[in-house]
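K.L.:
please find the sequence and the predicted model below.
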Amino acid sequence: MSVNQAEVLLEKVQNGFKIERTEDMNEEYLKALKQTLTIVGDTELLSVPPLLTVYDQAPNLNYKITALAVMQDEIGHAHIAYRLLEDLGEDVDQLLYDRLPNRWKNPYAFDFKLDNWIELGVFNGLFDRAGYTLLGDAHEHTSYGPWKRALVKVDKEELFHLRNGEIIMKAGMKKPETAKQVQEAVDWMFLMALEFFGVADNLKSRSAQLDYRLKGRTNDELRQKWLSTAVPFCESIGINVPAHYDEDQEKYVIDVPFPCKFDIENKQWLYDQPDTWDGVIERFKKRGPENQEFVDRIQKGARELEAMRTEGA
């Protein structure tokens, strides 16, 4: 596709044109779309292992059934993203079963086991809120028609997940011992959720996702959108969060250094040690403590099946 054709494509998608076929894409669009869908698929699929670490601690059967339904949804969302990647020419079996754990593109927050049932609720309430914010934006603005149609289902289910999280968080705040667990979970998960949206706008060098209308809002705009619902909800049930709405600036302001260093062993932010986005990206690349184990869970069955086939040959 020539430079002139690329400019025509940019103009068309910015004017609302929906792309349906790879023949209508240039290399830059296809690359950005594949990167986006890989991140989405990996994020959805690797949200399941952390939830599995505590779902059996659910206080009653209804909560347990709901947790399992959430996990089933997430696997379905991952399937949608990987199925679209397959249509775009990617080898999905290779992506799922041959990639090294540190090459997966899931959020850093998903590389940790959860400590208790309440953390599952906060996971839904904060992290699924981030997913709802990101995928809701994609559903509203994406220029890729097949993904836009698929996101009708995903958008509704992500809303269900975050509402489930809110229910668990509200219930947890009614007793002192569980209220303490809610606050402790929010203390480490709040900034993790803010990291979902990526580097600050002034540091972002690539803009293909915005240029080609794969998303509609910038990283910082999406972060503000998340804050606009997360902060009021947390405050309404008595949870302290490190952010507030600033009337003069007419936006939400983070009250601690962001980004800042993170104590992995204790799952604790070191507010006295500010970090840079370069430092955050370096932490992401090193992956979290359960990265290997969680990816192994995804890949184990395929490896065992291949070993059985080899032995039987």
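P.N.:
Right, received. Where do you want to start? Residues are numbered from 1 along each chain as shown.

K.L.:
just the mean pLDDT for the helix or strand harbouring Glu306, thanks.
P.N.:
Secondary structure from DSSP states H and E places Glu306 in helix 291-312. Mean pLDDT, computed over helix 291-312, is 89.

K.L.:
show me where the stretch 201-313 of the chain dips below the pLDDT cut-off.
P.N.:
Low-confidence regions of the stretch 201-313 of the chain, defined by pLDDT under 70, span residues 312-313.

K.L.:
residue boundaries of the strands in it?
P.N.:
Assigned by DSSP state E, counting those that start in this stretch, the stretch 201-313 of the chain shows strands spanning 243-246, 251-254, 260-263, 268-274.

K.L.:
report the buried residues of the helix holding Glu306.
P.N.:
291, 294-295, 298 (16 or more other CB atoms under 10 Å). The C-beta positions use only the backbone N, C-alpha and C, and glycine is treated the same way.

K.L.:
tell me which other helices or strands that helix touches.
P.N.:
Packing contacts for helix 291-312, counted by 3 or more CB pairs under 8 Å, 6 or more residues apart in numbering; DSSP states H and E, involve helix 48-52, helix 92-97.

K.L.:
after the shortest one, which helix or strand is next?
P.N.:
Right, helix 48-52. Sequence-wise, the next helix or strand downstream of helix 48-52 (DSSP H and E) is helix 61-87.

K.L.:
now that following helix against helix 291-312, angle please.
P.N.:
Here helix 61-87 runs at an angle of 70 degrees relative to helix 291-312 (axes from the mean of the first three to the mean of the last three CA atoms, to 10 degrees).

K.L.:
same for helix 61-87, what does it pack against?
P.N.:
With 3+ CB pairs under 8 Å, 6+ apart as the test, helix 61-87 has helix 27-45, helix 48-52, helix 92-97, helix 145-172 packed against it.

K.L.:
can you tell which of the ones you listed is closest to Leu68?
P.N.:
Closest to Leu68 of those, according to CB to CB: helix 48-52, at 9.1 Å.
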